[in-house]
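*Asks:* Quick one: sequence plus predicted model below, questions after.
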Amino acid sequence: MEQSLGSFFADNLQEFWNFTGFANATWQHFVMLAVGLFFIWLAIKKNFEPMLLVPIGFGILIGNIPFNTTAGLEIGIYEEGSVLNILYNGVSAGWYPPLIFLGIGAMTDFSALIANPKLMLIGAAAQFGIFGAYMVALAIGFAPDQAGAIAIIGGADGPTAIFISSKLAPNLMGAIAVSAYSYMALVPVIQPPIMRLFTTKKERLIRMKPARAVSQNEKIIFPIVGMLLTCFVVPSGLPLLGMLFFGNLLRESGVTTRLAKTASNALTDIVTILLGMTVGASTQATTFLTKETIFIFFLGFMAFIIASSSGVLFVKLFNLFLPKDKKINPLIGNAGVSAVPMSARISNNLGLEYDPSNYLLMHAMGPNVAGVIGSAVAAGVLLGFLA
C-alpha cells in the first residue's frame, strides 16, 4: 500500500511538473521574455511611447509563458476558443485598427494642412519608404502580398501595418506589428541624425510665416471632402480613411463633442490596451523567432530610413521652386511619416536647438497629419493590387 501510495504521488508530481512552464521552456522563450522586459524598460525608463510599449511588452511576456501545447488547456493566443484568441480576433480580423483611426481623427486638428495644402506633398513624398521597401522585399524573395505587408512599416503607422498584414500576410502579423511599433517608439533616436545629415545650418534656421487662420466651415468641409476624394481614388482604404475622417468630423462639427471625446479618449485607450497586449502576445517564440522576422525588422528599418529621408530631401527640392519668403524649413520633412505627433515634436525640438525662437510644431503638424492620410492611401493601393 505504501509503495502504491508513493507511486501515486510520484505520478501526480510528474504530471504536475509536465504542466509547468519550467518543464516546457526553451531558450527561445527566454529570449522573447527578455525582449518583452526590454520593451517595458524602454517605455518606463526612456519614456519611448509608453502607451504602446507597456501593453506590447507585457503582452510579449504573456504570450511567451511556456505551457504544454498538447494538453488542450485553451490558454494560448492561437488556440480556438481561448480568451486571448477571442481578444486577438480584433487584430486578426482587422477591426482594432479602424477604431484606432476613429480616435486619431477625433483628436487631430487638420488646420495646419488646410491652411497650407502644399504640405500634403511632403506627406506623400515620405511614402517612398513604403514602395522602396516593397521592391527590396520582392528582390530578396518575399511573395508580393508578404512584401506589401512588410513595406507598410515604412509609414511608421502601427494600426495600418496591422490592418494590412491581417489581410495580406496573417502569418507575419506579429513580426510586422512589433517592428512597426518599435520604430514608431524609436522616432526620437532614428530621425534626428537623418535630419542633421541632409540639412545645412542655414536651412535649419529658415523661419516660416505663421499659417493663416482656418474657418470652422473649412474644418467641417475638410473631412467630408477628404473622405470622398481619397476613397473614390482608393476604395480599398475605406475602413481606415472612412473612420479617420469620421472621427475628425465628430471633432469639428461642434455638435458631437461627447462622441468626439469618447472616441479620442476612452475608446482609443481601451482599443490601444487590447491591441498592444494581443499583438505582444502573438509573438510566441515558436512562431516569432524565425529568419523571416530578422528580414522583416531589417526591411522595416530600411523603409523608415527611406521615408524620413525622402520627406527631408523633398522639402529641399521643393524649396528650389519657391520664392525666398515662402521657403519651407526642411526640418519638418521628417514629419511626413505617420508617427503623430511625435515626428512633429522632433521637428520642433530640433528647430529650437538651432534657433530657440523658431517654433516649427504647427508647421510640422501639416505633413504629419498628411502622413497619416498618405500611409492609409498607400495601404489602400497595396491592398487593392495584392488582396
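*Replies:* Thanks, I have it.
*Asks:* For Ile346, see how far away Ile296 is.
*Replies:* From Ile296 across to Ile346, the span is 24 Å (C-beta to C-beta, to the nearest Å). In this view, the C-beta of every residue, glycine as well, is placed from N, C-alpha and C.
*Asks:* low pLDDT regions in the stretch 51-200 of the chain?
*Replies:* Applying pLDDT under 70 to the stretch 51-200 of the chain flags residues 70-72.
*Asks:* can you give me the strands in it?
*Replies:* Assigned by DSSP state E, counting those that start in this stretch, the stretch 51-200 of the chain shows no strands.
*Asks:* Now do the same contact list for the residue nearest in space to the middle of the chain.
*Replies:* In the chain, the C-alpha nearest the mean C-alpha coordinate belongs to Gly158, at 1.8 Å (C-alpha atoms, centre = their mean). Shown here is Gly158, whose contacts under the criterion C-beta atoms under 8 Å, 6 or more residues apart in numbering are Leu52, Ala177, Ala180, Tyr181, Met184.
*Asks:* same thing with Lys219?
*Replies:* When contacts are counted by C-beta under 8 Å, 6+ apart, Lys219 touches Phe110, Ser111, Ile114, Glu252.
*Asks:* per-residue confidence averaged over the strand or helix carrying Gly6?
*Replies:* Remark: Gly6 resides in helix 2-19, with elements defined by DSSP states H and E. The average pLDDT for helix 2-19 rounds to 75.
*Asks:* after it comes which helix or strand?
*Replies:* helix 21-24.
*Asks:* elements contacting that following helix?
*Replies:* Packed against helix 21-24, as judged by 3 or more C-beta pairs under 8 Å, 6 or more residues apart in numbering; DSSP states H and E, are no other helices or strands.
*Asks:* ok so, going back, neighbour-wise, give me the winner out of the contacts of Gly158.
*Replies:* Ala180 (32 neighbours; other C-beta atoms under 10 Å).
*Asks:* quick check, nearest of the contacts of Lys219 to Gly371?
*Replies:* Phe110 (12.3 Å; C-beta to C-beta).
*Asks:* how many neighbours does Lys209 have?
*Replies:* Lys209 is flanked by 10 other residues according to other C-beta under 10 Å.
*Asks:* Just say helix, strand or coil for it.
*Replies:* coil (DSSP: H, G, I helix; E, B strand; the rest coil).
*Asks:* contacting residues for it?
*Replies:* Asp325, Lys326.
*Asks:* Look at it and report its pLDDT.
*Replies:* pLDDT, Lys209: 89.
*Asks:* In this protein, where's the longest helix?
*Replies:* For the chain, the helix with the greatest residue count under DSSP state H is helix 291-319.
*Asks:* what comes up buried for that helix?
*Replies:* Buried residues in helix 291-319, defined by neighbour count with 16 or more other C-beta atoms under 10 Å: 292-293, 295-316, 318-319.
*Asks:* Likewise for stretch 119-138?
*Replies:* By neighbour count with 16+ other C-beta under 10 Å, stretch 119-138 contains the buried residues 119-134, 136-137.
*Asks:* circling back to that earlier point, what is the nearest of the contacts of Gly158 to Met32?
*Replies:* Nearest to Met32 among the contacts of Gly158 is Ala177, at 14.4 Å by C-beta to C-beta.
*Asks:* roughly how far apart are that closest one and Thr160?
*Replies:* 11 Å.
*Asks:* And Phe142, by the same measure?
*Replies:* 18 Å.
*Asks:* Thought Ile56 was touching Ala281, still the case?
*Replies:* No: in this structure, Ala281 is not within contact of Ile56 by C-beta atoms under 8 Å, at 9.2 Å.
*Asks:* give the contact list for the closest residue to Ala303 other than its chain neighbours.
*Replies:* Once flanking residues are discounted, Ala303 sits nearest to Gly154: 2.8 Å by C-beta to C-beta, 6 or more residues apart in numbering. Going by C-beta under 8 Å, 6+ apart, Gly154 touches Gln127, Gly129, Ile130, Gly132, Ala133, Gly300, Ala303, Phe304, Ile306, Ala307, Val337.
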